[in-house]
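Q: Sequence plus the predicted model coming up.
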Amino acid sequence: MSETAASIDDRHLYGLVAEFESVEELEHAAEKAKSAGYEAMDAYTPYPVEGLDEKLGMKPTRLGWIVLLAGITGAILGFGMQWYSNVVFYPLNIGGKPLNSWPMFIVITFEMTVLLSAFTAGLFMLGRNGLPRPYHSIFNTPDFDRATRDRFFLCIETRDERFDRDGTRRFLEDQSPVKVSEVER
Amino acid sequence: MAVQAGRGGLIETNRVIGRGQTSQGIDDVVNTPVLSDVKRTPLWWWIGFGISLSLLGVYLISVVVLITTGTGVWGNNQPVAWGMPIINFVWWIGIGHAGTLISAALLLFRQPWRTSINRFAEAMTIFAVVVAGLYPILHLGRPWLFYWLLPYPNTYGLFPQFRSPLDWDLFAISTYASVSVLFWFIGLIPDLATLRDRTDNRFQRILYATLALGWNGSAKAWQRYQRAYLLLAALSFPLVLSVHSTIAMDFAVSQVPGWNNTIMPPYFVAGAVFAGFAMVLILAIPLRKALHLEQLITKRHLDNAAKLMLATGLIVVYGYAVELFDAWYSGVEFEKYMAYNRVLGADHWWAFWLLIAANGVAIQPLWFRSVRQSPLALFIISIIVSIGMWLERFVIVAVTLTKDFLLSSWGDYVSTFWDWSLYIGSFGLFGTLFFLFIRLLPSIATTEMKELAHHDAHHGSDSFEEARERYYGEEARA
């Protein structure tokens, strides 16, 4: 059931990882862990599991607000660039038409809004997730390659206040996992 | 295995995903061909890739001839300053609309059938936009100066003409291309991580691990990922609509009779979706056979794509009718003559009637379920539609320009060898990229399919699907 890795001393221990066969078992274990008071934990799944973030006690992401700000910035930059070049920098009277012919500026303003907000959404997501990242302790978990296939992992990290090498292991083993492994930092 | 063999051969299904699909099954059927050894690459891939590569050679020769000689090698003239390069540009960019529409719009409308076709449709979009985007640059005559269209600090102290639709084009297409690549790549990250974890080959592991950026599938990562993906979809949907609208404004903002028309943007967008779905079908039908994906890209997908093709096709036909009505109702002599010249003019009447036959008449069989269920019939109709859409752009661009206001400036348009070699060669560029894609990357979003399979097995209410199957009889056997 459990793997003995006595070689890992406490300082080099990243956490304890339980491997589950199904989403339901993982969700159940996550709820149990949350009610047991664990906070520094994360689950690793091959596909997004709806509501798992709440079950693990995670706050909702604020990505949307950042993207909104980026979109507004893009709109101001896009319109500002056209307004500045046509009204301030190089005003050219063409047939008495207004210099600030704003309907003609809409398309580029729109495109700049989308460009800035889309790249903010994509790159901010990667950045906040710490990607690109060549090394992560969780990859030391035995059989972790199945986390992209058909297995579901729950990791309780050593930085959690309630973490206790033996107690946490017993707790995880009670959740009927395939196995519980100690993972090196 | 994902492909189930029945007594009558392969059992085709009308469900969004074949019955009883598992995570492992999806993984294996999609990723095995990608990870297999070079020596085990199937023959059809080498043939297709070889043909594409040869055509790419034709393309490169045409570009070299164009750049070293000048745009005089084309049939472009006065008054037809926009000949085949612009026709082909609009044709390719139209094809490049279905991918993002499938990924973005269908995601927002929560259509589960998008999942298995979105990845290769997005790839198709990106490659079509690459091919399309090169045409206006080559059409500049001095393509190496295309950066003059960008607003950058320069010694002339000049900005580009922001009031010109041609500059809008630059912003629209470059935004569309870059956002499409981003959307595609973000969608690919979990699948690249899957490939990283499946392979035993050192080179592949380094390649896919680098591209996967260290994705580990943590719940927090998925939470942000899903929000980002949803936002990208919400941003891409209006973006798709804006791109072809902007291209339509290249025409509509001018004063040329037949172009200066408010219906152009929506009519162009419908035409783009129409052509795009035709191309999705042209690619999906052989692909699902070649890669044995019949349980993932099911007849339901073909059926739905055909329905969308029919609906947008009818909008396009309505557009043709409104164009003619507007010409008559405007009371403008030049508009009326333009319409007459398109329909009955001595030089190009055949193009108009062929396009009506292809885009208006040939799609009518799609009303029948038996036609929508037949891959062969859909494949043939899609090819006819693609030709029809090319003819539509020929009529709009070339035929319209031949005879505008003054009799003294009327002319004719005759395409040249280099026009055609650049067009046929562009299939080589598209094909080369597409064949490399299906060999090196998973053509189906495995992560999303696993989610769908999980849903299907656990929470999916099968009652609708079952009622549908009862109504239409047993699952059709192919």
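A: Okay, I see it.

Q: And the strands in chain A, which stretches?
A: Applying DSSP state E to chain A gives strands spanning A:13-20, A:41-44, A:152-157, A:179-184.

Q: for chain B, what helix or strand is lowest in average pLDDT?
A: Least confident helix or strand, chain B: strand B:5-6 with a mean of 42, by mean pLDDT, DSSP states H and E.

Q: Distance-wise, check the spatially closest residue to residue B:103 that is not a sequence neighbour relative to residue A:42.
A: Distances taken as CB to CB, 6 or more residues apart in numbering or on different chains put residue B:118 closest to residue B:103, at 4.4 Å, once the chain neighbours are dropped. C-beta here means a position set from N, CA and C on the backbone, and glycine is covered the same way. To residue A:42, residue B:118 is 28 Å away according to CB to CB, to the nearest Å.

Q: How about residue A:125?
A: According to CB to CB, residue A:125 and residue A:42 sit 16 Å apart.

Q: higher neighbour count, those two?
A: More neighbours surround residue A:125 than the other of residue A:125 and residue A:42, with 26 against 23 (other CB atoms under 10 Å in any protein chain shown).

Q: The closest residue to that one other than its chain neighbours sits in which helix or strand?
A: Nearest non-adjacent residue to residue A:125, counting by CB to CB, 6+ apart: residue B:228, 3.5 Å away. According to DSSP states H and E, residue B:228 maps onto helix B:219-252.

Q: what helices or strands is the helix or strand following that helix leaning on?
A: Toward the C-terminal end, the helix or strand that comes next after helix B:219-252 (DSSP H and E) is helix B:264-290. Here helix B:264-290 touches helix B:84-95, helix B:98-100, helix B:115-139, helix B:219-252, helix B:299-330, helix B:375-394, going by 3 or more CB pairs under 8 Å, 6 or more residues apart in numbering or on different chains; DSSP states H and E.

Q: Okay, the most centrally placed residue in chain A and residue B:220: tell me how far apart.
A: With distances taken as CA atoms, centre = their mean, the residue of chain A nearest its centroid is residue A:129 (4.4 Å). Applying CB to CB, the value for residue A:129 to residue B:220 is 7 Å.

Q: again, but for residue A:13
A: Look at residue A:13 and residue B:220: by CB to CB, they are 21 Å apart.

Q: How about residue A:146?
A: Between residue A:146 and residue B:220 the distance is 20 Å, computed by CB to CB.

Q: now swap in residue B:308 and tell me
A: According to CB to CB, residue B:308 and residue B:220 sit 37 Å apart.

Q: okay, now residue B:219: neighbour count?
A: A count of nearby residues for residue B:219, using other CB under 10 Å, gives 22.

Q: can you pull the contacts of it?
A: By CB atoms under 8 Å, 6 or more residues apart in numbering or on different chains, residue B:219 lies in contact with A:42-45, A:49, A:52-53, A:56, A:58.

Q: Among these, which ones lie close to chain B?
A: Contacts with chain B within the contacts of residue B:219, as defined by CB under 8 Å from any CB of the partner chain: A:42-45, A:49, A:52-53, A:56, A:58.

Q: Mind putting those residues into JSON lines with distance to residue A:181 and pLDDT?
A: Shown next, in JSON lines, are these (distance: CB to CB, whole Å; pLDDT from 0 to 100):
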{"residue": "A:42", "distance to residue A:181": "15", "pLDDT": "88"}
{"residue": "A:43", "distance to residue A:181": "15", "pLDDT": "90"}
{"residue": "A:44", "distance to residue A:181": "13", "pLDDT": "91"}
{"residue": "A:45", "distance to residue A:181": "17", "pLDDT": "90"}
{"residue": "A:49", "distance to residue A:181": "21", "pLDDT": "86"}
{"residue": "A:52", "distance to residue A:181": "20", "pLDDT": "86"}
{"residue": "A:53", "distance to residue A:181": "23", "pLDDT": "85"}
{"residue": "A:56", "distance to residue A:181": "19", "pLDDT": "84"}
{"residue": "A:58", "distance to residue A:181": "23", "pLDDT": "84"}
